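1. Quick one, what's the 3D model for this:
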Amino acid sequence: MNSLFEPLHRDENNSPLIIAGPCSVESPEQLFSTIKELNAQGISIIRGGVWKPRTRPGSFEGLGTVALPWIEEVKKEFPIQFGVEVASSKHVEAALKHQIDFVWIGARSTVNPFTVQEIADSLKGSKIPVLIKNPVNPDLSLWLGAVERIANAGIRQIAAIHRGFSNFRDSIHRNSPMWQLPIEFKSHFPEIPMINDPSHISGKRSLVPLIAQKALDLNFDGLMIESHISPDQAWSDATQQVTPFDLGNILKNLKTRKIRFEAPEMLDQLEEIRHQIDQADHELLEAIHRRMNLVEKIGAYKKLNNVAVLQMERWQDILQSRSGWANSLEISPELVREIMSLIHQESIKKQTEIMDS
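-> This next block holds a predicted model:
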């Protein structure tokens with residue numbers, strides 16, 4: 001699959017792709033003013049919501065096709081490419097009719113394979129680039145499946161957008177980043193560019209620079225950031241949008257990392273450290289292997305004595321004690337609890353198999 005645009009993959013200056021624009025297109029004046037200021041900041045790839053799928057009725061759901069001629073007019077004034085979100089075949093038809101340069105499939109659409117297939121079918125025969133946001137819920141298969149459906153429609157210019165996932169336990173972000181999921185996505189589709197959306201992850205403009213820098217540290221290919229000429233007066237997502245001027249300052253302060261080591265002596269040191277990591281991982285897996293052997297023994301003992309597999313008091317004791325051990329070793333207790341939970345799930349599975357055999 002090819003990239004979305006020529007500059008999407010990092011250029012000789014290692015610069016990430018920047019897509020910016022208002023959450024919603026609200027008026028010709030708001031659109032013109034925002035793009036004028038964004039273009040002055042060197043941004044030429046613009047996003048703007050025309051159709052806005054909202055969680056609950058009553059919220060602003062976009063102006064629809066009324067806004068498309070405004071986009072055509074502003075493209076005559078500035079050297080830009082413009083993209084909109086589509087959620088149905090009618091949206092695709094209208095976007096293609098009005099010479100929209102690229103489209104994206106939103107998180108609420110990616111979660112529904114029927115919707116994605118409808119969009120895919122309506123895209124057949126076109127060469128328009130398509131960006132695909134992760135689904136609202138943390139389901140990697142849905143994200144991968146959406147890419148496959150669009151690719152099967154003959155679209156070759158595809159990119160993924162990481163906009164975070166619904167997580168009621170996360171009180172910091174609007175949508176929890178769950179960085180391991182876009183990383184896992186890249187292991188399936190390494191050729192597809194990954195664009196981070198710090199606006200929807202953060203939900204508030206103060207966190208946008210932090211999320212954007214984290215994405216660049218992880219070697220994401222680009223950023224999609226919401227920008228409005230007057231964010232506090234925006235008709236949707238006011239708290240997470242930044243002015244074009246502030247966006248320019250954010251971008252100036254972001255640090256882009258080298259993709260790889262270049263000096264031979266640094267490569268030698270890197271290989272030595274990686275060798276040590278390989279050894280540590282092997283020792284870790286040997287330790288898990290020993291633990292699973294003990295789990296099988298205790299499973300057999302429980303079966304012999306007709307004792308239930310799950311012993312909640314013991315599990316709570318494990319969680320508490322291992323978290324304490326983690327603190328003493330200066331390891332994140334949250335990480336250890338997550339690891340122990342996965343090991344416990346496998347332990348329960350093995351003991352249940354022994355009990356039922």
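2. Mind checking which residue lies nearest the centre of this protein?
-> The residue lying closest to the centre of the chain (CA atoms, centre = their mean) is residue 162, at 1.6 Å.
3. In what element of secondary structure is the closest residue to that one other than its chain neighbours found?
-> Once flanking residues are discounted, residue 162 sits nearest to residue 182: 4.2 Å by CB to CB, 6 or more residues apart in numbering. From N, CA and C alone the C-beta is placed, and that goes for glycine too. Element membership for residue 182 (DSSP states H and E) is helix 180-188.
4. can you give me the helices in this protein?
-> Here the chain has its helices, by DSSP state H, at 28-40, 68-77, 89-97, 107-110, 113-123, 140-152, 180-188, 198-202, 208-217, 244-253, 264-304, 312-328, 333-356.
5. quick one: contacts for residue 167?
-> By CB atoms under 8 Å, 6 or more residues apart in numbering, residue 167 lies in contact with 138, 173, 175-176, 178.
6. one more time with 6 Å
-> By CB atoms under 6 Å, 6 or more residues apart in numbering, the contact list for residue 167 reads residue 176.
7. average pLDDT across stretch 294-308?
-> Mean pLDDT, stretch 294-308: 94.
8. just how off-centre is it within its chain?
-> Chain-centre distance of stretch 294-308: 42 Å, with CA atoms, centre = their mean, to the nearest Å.
9. before we move on, the earlier item: ok, and what's touching the helix holding residue 182?
-> Contacts of helix 180-188 (CB under 6 Å, 6+ apart): 138, 140, 144, 162, 194.
10. Would you enumerate the residues in contact with the first one?
-> By CB under 6 Å, 6+ apart, the contact set of residue 138 is 165, 178, 181.
11. The fourth one too?
-> For residue 162, the contacting residues are 134, 182, 196, by CB under 6 Å, 6+ apart.
12. Tell me how many other residues crowd the last one.
-> Around residue 196 there are 29 other residues, counting by other CB atoms under 10 Å.
13. any idea how far it lies from residue 17?
-> Going from residue 196 to residue 17 by CB to CB, to the nearest Å gives 10 Å.
14. Check the first one too.
-> Using CB to CB, one gets 18 Å for the distance from residue 134 to residue 17.
15. Who has more neighbours out of those two?
-> Between residue 134 and residue 17, counted using other CB under 10 Å, residue 134 has the larger neighbour count: 26 against 22.
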